[in-house]
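S.K.: Have a look at this prediction, sequence included:
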Amino acid sequence: MCGEEEAVTEPNPTSCVDLPTPPAAKVGETWRIWLLLFIGAALLYALTASRGVQWQDPGANILRVATGEWINPLGLALSHPLHHILALLAAAPGLLETALAVTLVSAFTGALAVANTYGAAMALTQRRLPAVYAALSLAVAQTFWQMATIAETYTLTAALFAAECWCLALFLRGGRSRYLLAALFLNGLGISNHLLAVLSTPVLVAVVVYCLRARRIAWRELALAAALWLIGTLPYSALVATHLVRSGDVVGTLHSALFGHAYAGAVLNASIQPRVLMISFGFLGLSFPSLLLPLAIHGIVRSFRGALPRPLAFALLVELLLHAGFVLRYNIVDQNTFFLPMFTLLCMFGGMGLSGVLAWSPGAKRKVVLVASLVTLVWTPAVGALAPTIIRRSGVLDSIVRNKPYRDDYTYLFIPWSIADDSADRLSRKAVELAGDDGLIVMEDSMASFAVRYRVIESGKTQIVVASAKDEAALTAAIAAGKPIVLVPLDTDQPATPLPAGQWQRADQLYIWQSE
């Protein structure tokens, strides 16, 4: 499966048939390193994970587990059934608060992604040191670390994608067809988690067609490959089919399944905006303030100069271009969260680059690059820790930073370890406390409503009503009934909700209604 530190015979770059077999691998040692990386990353992410409920989509993911809601109100495409199943299983024993249990799914799948990246890089390079470097580069990348410590779906996406690349590398380096079948099954599972995995499907189809023509796989295996892919997609395809049967709306179901209810324009957007591009490169630099990116470029060049079989080099480069092309023109607020498959590939290519450096003749140049690679990898977490202070002082984001209750946007956006930000949890607890047993909580910020609704359920105060600030009827009814009314403002210092009679009185960073 994987090789030793020694140099290996380069494969025929134009074929994936009858490739030279790598040196005999110490499979047990490979899996021991895989396990060590998994355990280490799991501990890192579990210890630095957010302990409570969170803003935006993570809050929605937690709320859906607490309510047992399978379909996201924003559409089928945002329902992520595989992640939802794992989250339900994590919360089912009741040993941890639901919010933490769901977040730990991200921590453990993040660790799995790190370990699988090592496996894929090992299959590509046949060298342990570059493979470990690739895995650790991903592990400490700012965006990846952050996604591993909140209740998001993207580390599971990365874990399945890295395993898919691992299987593809093993197959195209001369392995048995079972590796290609496994890659297709993993791609199906990836689709069941997040539609980002669809970007990899055409590449796998192209590999299947190529290897059929090259007689690397038999025609009878084509049906098995399709069946395994479909089985992998079942958590999602079954959810879509069930919704179709219940609704009877073919067009609406397909639109919801492909885009959700609100994101078709962003998904189909064909232009790259300079602002989005600048933000993308900013997060890329923040995640990899090391030699990873130059090494990745070197690794891509080496891949096409015989270090990899040509079909494998093309497959991985096309994957990188597809994911980069998608995310760089995807104009949404949390665009950087979609970077993880691209980051995973960059780390694999970075491992290829470092493997090339190790092949240089011993000398000062080789030593300097190796030392610099290690030093810049080690300082990556320090850059993440200092980023909020540096960016705050620069003032470049002053025009877009928001004054949300309890939240420091610089910490929220840039600190990799999400245990540093408990703003949504504090907000939700304070709102429920002020609302008493049967009050009304008025939400100006929809991105905080998931956290507040979750806290209402978790506290057992089911008589509390959570309503949008646009719901004038709910506000009027609560005033008439004399119930406590709490306002969660969009801006801590400037509540915008009008009052029919009375005034808002500040309570910490929220507001309560007082009659005139």
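M.R.: That came through, no problem.

S.K.: For the stretch 201-350 of the chain, which segments count as helices?
M.R.: Ranges of helices within the stretch 201-350 of the chain are 201-213, 220-247, 250-259, 264-268, 274-287, 292-302, 310-328, 340-358, based on DSSP state H, counting those that start in this stretch.

S.K.: for the stretch 351-500 of the chain, same thing?
M.R.: All helices of the stretch 351-500 of the chain, identified by DSSP H, counting those that start in this stretch, fall at 364-378, 380-394, 409-414, 423-435, 446-459, 472-481.

S.K.: Can I get those helices in JSON lines including distance to residue 117, mean neighbour count and mean pLDDT?
M.R.: (C-beta placed from N, C-alpha, C; glycine too.) As requested, the helices of the stretch 351-500 of the chain are exported to JSON lines (distance: least, C-beta to C-beta, whole Å; neighbours: other C-beta atoms under 10 Å; pLDDT from 0 to 100):
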{"stretch": "helix 364-378", "distance to residue 117": "14", "mean neighbour count": "14", "mean pLDDT": "94"}
{"stretch": "helix 380-394", "distance to residue 117": "15", "mean neighbour count": "15", "mean pLDDT": "92"}
{"stretch": "helix 409-414", "distance to residue 117": "23", "mean neighbour count": "19", "mean pLDDT": "93"}
{"stretch": "helix 423-435", "distance to residue 117": "30", "mean neighbour count": "23", "mean pLDDT": "97"}
{"stretch": "helix 446-459", "distance to residue 117": "31", "mean neighbour count": "22", "mean pLDDT": "96"}
{"stretch": "helix 472-481", "distance to residue 117": "49", "mean neighbour count": "15", "mean pLDDT": "90"}
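
S.K.: Least confident of the helices of the stretch 201-350 of the chain, on average?
M.R.: Lowest mean pLDDT within the helices of the stretch 201-350 of the chain: helix 264-268, at a mean of 76.

S.K.: From the opening residue of stretch 336-344 to its closing one, how far?
M.R.: 14 Å (C-alpha to C-alpha, to the nearest Å).

S.K.: and it, how far from the chain's centre?
M.R.: Counting by C-alpha atoms, centre = their mean, to the nearest Å, stretch 336-344 is centred 7 Å from the centre of its parent chain.

S.K.: Out of the helices of the stretch 351-500 of the chain, flag the one nearest residue 46.
M.R.: Residue 46 sits nearest to helix 380-394 of all the helices of the stretch 351-500 of the chain, at 16.3 Å, using C-beta to C-beta.

S.K.: can you put the helices of the stretch 351-500 of the chain in JSON lines and add distance to residue 93?
M.R.: What follows is these, written out as JSON lines (distance: least, C-beta to C-beta, whole Å):
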{"stretch": "helix 364-378", "distance to residue 93": "37"}
{"stretch": "helix 380-394", "distance to residue 93": "32"}
{"stretch": "helix 409-414", "distance to residue 93": "30"}
{"stretch": "helix 423-435", "distance to residue 93": "21"}
{"stretch": "helix 446-459", "distance to residue 93": "16"}
{"stretch": "helix 472-481", "distance to residue 93": "36"}
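
S.K.: hmm, back to that, out of the helices of the stretch 201-350 of the chain, indicate the one that is most buried.
M.R.: Most buried of those, by mean neighbour count (mean count of other C-beta atoms under 10 Å): helix 340-358, with a mean of 28.

S.K.: If anything else comes up later, I'll come back, but that's it for now.
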